[in-house]
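Trainee: Everything below, folded, please.
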Amino acid sequence: MLRVRTMNAVGYASLAPEQVKKVQKYEEELGVTLLAYKMPAYSKLNEEGLKRIQALEKELNLSLVAYNV
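Mentor: Numbers count the residues shown, from 1 in each chain. Reported below is the predicted structural model:
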């Protein structure tokens, strides 16, 4: 069975109150909403794995990122 992990593997970051204030300041200044995610570590791919993922990206016309979860 094929398993595809989506952004569900990535959780929201826990921010300290002073960090929240900084983010809110940027949101106000830029007129955007920012989401803070805690990202897992990038996977280390061998050349063959990287080529396979790049081929899939081209086939599907999207970007993929490999993470360790």
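
Trainee: Adjacent strands (with direction) for the least confident helix or strand in the chain by mean pLDDT?
Mentor: Among the secondary structure pieces of the chain, namely its helices and strands, strand 11-12 has the lowest mean (mean pLDDT, DSSP states H and E), a mean of 78. According to DSSP bridges, strand 11-12 forms sheet pairs with strand 37-38 (antiparallel).

Trainee: pLDDT of whichever helix or strand comes after the strand it pairs with, averaged?
Mentor: Along the chain past strand 37-38, the next helix or strand (assigned with DSSP states H and E) turns out to be helix 47-60. Mean pLDDT, taken over the full extent of helix 47-60, equals 96.

Trainee: List of residues touching the least confident helix or strand of the chain?
Mentor: Residues outside strand 11-12 that contact it (C-beta atoms under 8 Å, 6 or more residues apart in numbering): 35-38. Any C-beta I mention is one placed from the backbone N, CA and C, and that applies to glycine too.

Trainee: Equivalent analysis for stretch 50-57, please.
Mentor: Outside of stretch 50-57, the residues within contact range by C-beta under 8 Å, 6+ apart are 45, 63-64, 66.

Trainee: What residues sit buried inside it?
Mentor: Of all the residues in stretch 50-57, those buried under the rule 16 or more other C-beta atoms under 10 Å are Ile53.

Trainee: That stretch: how far from the chain's middle?
Mentor: Here the centre of mass of C-alpha atoms in stretch 50-57, compared against the chain's by C-alpha atoms, centre = their mean, to the nearest Å, lies 18 Å away.

Trainee: do the same with stretch 53-62
Mentor: Centre-to-centre, stretch 53-62 and its host chain are 17 Å apart (C-alpha atoms, centre = their mean).

Trainee: For it, C-alpha coordinates in CSV please.
Mentor: Output of stretch 53-62 as CSV, limited to C-alpha atoms (Å, rounded to 0.1, in the frame of the first residue of the first chain):
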residue,chain,number,x,y,z
ILE,A,53,11.7,12.5,-6.8
GLN,A,54,12.7,15.1,-9.4
ALA,A,55,11.1,13.0,-12.1
LEU,A,56,7.9,12.7,-10.1
GLU,A,57,7.9,16.4,-9.6
LYS,A,58,8.1,16.9,-13.3
GLU,A,59,5.4,14.4,-14.0
LEU,A,60,3.0,15.8,-11.5
ASN,A,61,4.0,19.5,-12.1
LEU,A,62,4.5,20.2,-8.4
